[in-house]
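**Q** Using only what follows, build the 3D model:
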Amino acid sequence: MIMKFIKSQLIEVIEWTDNTTDTMVYRFPVKGNEIKMGAQLTVRESQVAVFVNEGQIADVFEPGRYQLSTENMPVLTKLKAWKYGFNSPFKAEVYFVNTKQFTNQKWGTSNPIMMRDTEFGMIRLRAFGIFAFRVNDASTFLKEIFGTNRVFDTESIVGQLKRSLVSGITDLIGESKIPALDLAMHYNELGEAATDALQPRFSNLGLQLVSLFIENISLPEEVEKVMDKRTSMGVLGNMQQYTQYQAAEAIRDAAQNEGGGLAGAGVGLGAGAGLGQVMAQAMSQNMQVGNNQSQSQPSKPQADTTTCSKCNSQVPREAKFCSSCGNTMVSPKTSCVSCGHELTEGAKFCSDCGSAQELKCSGCGKDLKPNTKFCPECGTKA
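**A** Down below sits the predicted model:
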């Protein structure tokens, strides 16, 4: 009976089978019991076993199977001043730290992020997404966070991590100065930048921020309504034409409204007249737009035409008036036969020196062209 009691106080197998999804640290139940020297320690993948002696972290065991001895517990051997080959039972606390990734951890802004936008001015943004983390330094994590609890799960620390994430992401979005309308195309870049920027905060706790994703950054409801209206206006295009179309539809519906007697006939006649006016206005405006476009985009001038100085229309070079606007066309220029002063073609005398521009042959009296040296009729020198 006594031997059975003594045997029950000695722990011979130390292991932890995790059947949860959120447990980060599990303390093996050795309180009041002693660990037998030579006991079997099993550390599974994504686990780390930490031996603690009187509140001081001693040996850390990576995944594997161990038979406890002074050789594989050098720190604990030194702390307890054991001699080599010590075989007596001993007391120590054993903590299993889960090093797997804890995924799908949700984060979000509890209060809107104030931001100055180039298009909308001062706006408030809300953001949310998910992140994943893991323990990458069991000793630091036990010192900074865990303490002496029996079990430690993600709920015990996620709240602090979320607040740290929101603070860093808020600062990052504000410094990026990305326009609110362009934030959606930078989710991946912002998530990667936030992961790098926030990693030192996690490292101080013995953790690693594995990934961070931004699922959505939303604008205030009033800003979204303004954006919807602007989008609708862009889709409708020409608002005046759309208004005319709506009016025509309303008149048509009124004309088709079933009504008896003269009242129905009056509505139909009035609707028809109204529809005619609307269509006439639309055609007139379309013709005006067409004329404006033709004036603003003149066709390339032809070799036998010239450009009107008033409306830019192309008219025949010999025309005296523009056929589009009636503007007087400027006559082609020529030069004075005596002084070279620029004159309007057809001028008989020079406005600068007074010389006659029409020459007559002194022999036969035939009219000669300017700069003619000999008369083509009689050969007399001009």
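
**Q** So which elements touch the longest strand seen in the chain?
**A** As assigned by DSSP state E, the longest strand anywhere in the chain is strand 121-135. Helices and strands touching strand 121-135, by 3 or more C-beta pairs under 8 Å, 6 or more residues apart in numbering; DSSP states H and E, are strand 102-108, strand 113-117, helix 155-176, strand 207-218. Every C-beta, even on glycine, is put in place using the N, C-alpha and C of the backbone.

**Q** Out of the ones you listed, which is closest to residue 183?
**A** For the helices and strands packed on strand 121-135, proximity to residue 183 was assessed by C-beta to C-beta; strand 207-218 is nearest, at 4.9 Å.

**Q** State the distance from residue 40 to residue 24.
**A** 24 Å (C-beta to C-beta, to the nearest Å).

**Q** The two - which one has more neighbours?
**A** For residue 40 versus residue 24, neighbours defined as other C-beta atoms under 10 Å are more numerous around residue 24 (25 against 14).

**Q** pretty sure that one contacts residue 152?
**A** Yes. Assessed by C-beta atoms under 8 Å, residue 24 is found in contact with residue 152 at 5.0 Å.

**Q** I'd guess residue 141 is in a helix, am I close?
**A** Yes. The assignment for residue 141 by DSSP: H, G, I helix; E, B strand; the rest coil puts it in a helix.

**Q** who touches the nearest residue to residue 128 once chain neighbours are set aside in this structure?
**A** Distances taken as C-beta to C-beta, 6 or more residues apart in numbering place residue 108 nearest to residue 128, at 3.5 Å, with adjacent residues excluded. Residue 108 is in contact with 126-129, 162, 166, counting by C-beta atoms under 8 Å, 6 or more residues apart in numbering.

**Q** Now the buried members of those residues.
**A** Applying 16 or more other C-beta atoms under 10 Å to the contacts of residue 108, the neighbour count classes 127, 129, 162, 166 as buried.

**Q** Now do the contacts for the first one.
**A** Put plainly, it is residue 127. Counting by C-beta under 8 Å, 6+ apart, residue 127 has contacts 108-109, 113, 169, 173, 214, 216-218.

**Q** related to what we said a few turns ago, next, the angle from the longest strand of the chain to helix 155-176.
**A** 140 degrees (axes from the mean of the first three to the mean of the last three C-alpha atoms, to 10 degrees).

**Q** Now do the domain split for this protein, please.
**A** Following automatic domain parsing, one finds the domains of the chain at 2-98, 102-224, 318-382.

**Q** and those as a markdown table, adding distance to residue 304 and mean pLDDT?
**A** Listed next are the domains of the chain as a markdown table, based on distance: least, C-beta to C-beta, whole Å; pLDDT from 0 to 100:
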| stretch | distance to residue 304 | mean pLDDT |
| --- | --- | --- |
| domain 2-98 | 89 | 87 |
| domain 102-224 | 53 | 88 |
| domain 318-382 | 9 | 73 |
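
**Q** what ranges do the helices span in the stretch 1-150 of the chain?
**A** 2-8, 74-79, 138-141 (DSSP state H, counting those that start in this stretch).

**Q** Need the three-state assignment for the most centrally placed residue in the chain.
**A** For the chain, the residue nearest the mean C-alpha position is residue 182 (2.4 Å; C-alpha atoms, centre = their mean). Under three-state DSSP, residue 182 falls in the helix class.

**Q** Distance of it relative to residue 38?
**A** If you go by C-beta to C-beta, the gap between residue 182 and residue 38 works out to 65 Å.

**Q** returning to what we had before: take the domains of the chain and write them to TSV, including distance to residue 306.
**A** Shown next, in TSV, are the domains of the chain (distance: least, C-beta to C-beta, whole Å):
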stretch	distance to residue 306
domain 2-98	87
domain 102-224	48
domain 318-382	7
